[in-house]
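> What would the 3D arrangement of this be:
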Amino acid sequence: MRYITIALAKGRLAEISIELFEKIGLDIAEMKTKTRKLIFVDETYKLKFVMVKASDVPTYVEYGAADIGIVGKDTLIEECRNLYEMINLKFGACKMVVAGPESMREKLKVMNDFRVATKYVRVAKDYFYHQKNKTIEIIKLNGSVELAPLVGLSEVIVDIVESGKTLKENGLVVLEEICDLSARFVVNRVSMKMEKERIMDIVTKLRDLQEQEGNA
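Presented below is the predicted three-dimensional model:
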C-alpha cells in the first residue's frame, strides 16, 4: 500500500490540524515531539505528513508531491491552483479586508487611480478591477503592510484581519470587507481518483467530527 502524503502549513494551522488528526484516530505522536524534522509517518494508516510554508501547500498538492493539503482560504485564492476543495475546516477564521485611515472611508467610494499595498496581489486585483471597477496601482509587499499608508506608500491596504488589534494600534480601520477566510482541506485531482476510498475515509471522519463538535 502506498503512503498518502498530507501537506501541512507550518505554524498555528499545522498545530490545529494535528489536533484534528489525533481526534479522528491517526497516529501523530511523532509530530508532537519537538524536532526540526519536516516529514512524519503514520505506519498504521500509511500516511506521510510534510511540513511546508503555507503559500507552498497548494503547489505541493497540485503537482502531486502531496495528495492532501490543509491551508488557509487566503492562500488558495491567491495561488489559484487546480485542486478539489473538500472541507471548510472552520478554524483559523479571519477576513480579507481593505483597510486604511478613517479619512479614506468616503474617498474610497469615489476615488480612482490610487495605490493599494498588499501581499495578496491576485485578491486585490480581482476585488478592485472586477468587483469595484476601479483603476488602481498595486504595490506588492511581503510584510508589515500596515506601514504603507502611514508613510505615504499607498492610500489603503488589502490584508487579513483577525481581531483588528494591529490595525487599531497603527491608527487604521477596516474600510471594506472582501471575504471570509478559514482553513480548507484540499485534494489533488489525480489522487482523488486513485485513492478515493482512503481519502474519503479521512474526509468522512473529519466531517463527522465537525458535526459532533457542532452539536456538543
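> Contact partners for Leu47?
Residues in contact with Leu47 (Cβ atoms under 8 Å, 6 or more residues apart in numbering) are 3-6, 26, 41. The way it works is simple: take the backbone N, C-alpha and C, and place the C-beta from them, glycine included.
> would you list these in TSV and tack on pLDDT?
Output for the contacts of Leu47, formatted as TSV (pLDDT from 0 to 100):
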residue	pLDDT
Tyr3	95
Ile4	97
Thr5	97
Ile6	97
Leu26	89
Val41	91
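> Look up the residues forming beta bridges with Val173.
Beta-bridge pairing of Val173, defined through DSSP bridges, involves Gly100.
> Filter the contacts of Leu47 down to the buried ones, PyMOL style.
Here is the PyMOL command that selects the buried residues among the contacts of Leu47 (16 or more other Cβ atoms under 10 Å):
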select buried, resi 4+5+6+26
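> Looking at the contacts of Leu47, which are in strands?
Applying DSSP state E to the contacts of Leu47, the entries found in strands are 4-6, 41.
> Stretch 134-144: end-to-end distance?
25 Å (Cα to Cα, to the nearest Å).
> same question, stretch 180-188
Start-to-end span of stretch 180-188 (Cα to Cα) is 24 Å.
> returning to what we had before: from the ones in strands among the contacts of Leu47, pick the one nearest Ala65.
Each of the ones in strands among the contacts of Leu47 was checked against Ala65 using Cβ to Cβ; the closest is Thr5, at 7.1 Å.
> For that closest one, which residues are in contact?
Contacts of Thr5 (Cβ under 8 Å, 6+ apart): 47-50, 65-68.
> roughly how far apart are the residue positioned nearest the centre of the chain and Ala183?
The residue lying closest to the centre of the chain (Cα atoms, centre = their mean) is Gly72, at 1.5 Å. In this structure, Gly72 lies at 6 Å from Ala183, with Cβ to Cβ, to the nearest Å as the measure.
> With Val158 instead?
20 Å.
> the more surrounded of the two?
Set side by side, Val158 and Ala183 show more neighbours around Val158, with 26 against 23, by other Cβ atoms under 10 Å.
> quick one, strands of the chain?
Counting by DSSP E, the chain has strands at residues 4-9, 39-42, 47-52, 68-72, 84-88, 94-100, 114-118, 136-140, 156-161, 173-181, 183-187.
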